[in-house]
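Chemist: The following comprises the amino acid sequence and a computationally predicted model.
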Amino acid sequence: MPNLTSSSGSWVIRFAELNESPIKSEVTAPVAKLKVDPAYPAELIRDGVEGTVTLYAVIHRDGSVGEVRVLRGVEKRLDHNALIALSRWIFRPGTKNGTAVDLEAVVQIPFHARKFPF
């Protein structure tokens, strides 16, 4: 059975401090502890529906993901599956001066319809 998920391991995530303070110091990026790939429905693969879903999210100081929303979608089901998958990720939070901080994230999730014999 083929893997019916997005292109695993090829997500692009960019982070920025949510409530930036005037004190300049280095912010360390969060590290994913639990990753969930979005489902890629077989009928969409068969139909060649592909593209990159771009999401916005907040990676909270406790490592949870919230406020997830679609910035640029591909197809309603792919957009929803990407949103649900990202909301289930768990991170070791990013830090500033050794203290966990909330970070904004823009996440790009590619869906490539590889041809499989069905």
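Modeler: Sure thing, it's come through. Residues are numbered from 1 along each chain as shown.
Chemist: Pretty sure L86 sits in a helix.
Modeler: Yes - secondary structure of L86, determined by DSSP: H, G, I helix; E, B strand; the rest coil: located in a helix.
Chemist: which ones are touching it?
Modeler: Going by C-beta atoms under 8 Å, 6 or more residues apart in numbering, L86 touches V36, P38, L55, A57, V65, V68, V107, I109. Using the backbone N, CA and C atoms, a C-beta is placed for each residue, glycine as well.
Chemist: hmm, try it at 7 Å
Modeler: L86 sits next to L55, A57, V65, V68, V107 when contact means C-beta atoms under 7 Å, 6 or more residues apart in numbering.
Chemist: So the fourth one, which state does it fall into?
Modeler: Of the three states, V68 takes strand under three-state DSSP.
Chemist: got a markdown table for the contacts of L86, with neighbour count and secondary structure too?
Modeler: As requested, the contacts of L86 are arranged in a markdown table below (neighbours: other C-beta atoms under 10 Å; DSSP: H, G, I helix; E, B strand; the rest coil):
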| residue | neighbour count | secondary structure |
| --- | --- | --- |
| L55 | 24 | strand |
| A57 | 20 | strand |
| V65 | 21 | strand |
| V68 | 19 | strand |
| V107 | 23 | strand |
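Chemist: Which member of these is positioned nearest A100?
Modeler: Using C-beta to C-beta, V65 comes nearest to A100 of these, at 14.1 Å.
Chemist: What pLDDT does the model give the closest one?
Modeler: We have a pLDDT of 97 for V65.
Chemist: pretty sure it is in contact with A57, am I right?
Modeler: Yes - with contact defined as C-beta atoms under 7 Å, V65 and A57 form a contacting pair (5.2 Å).
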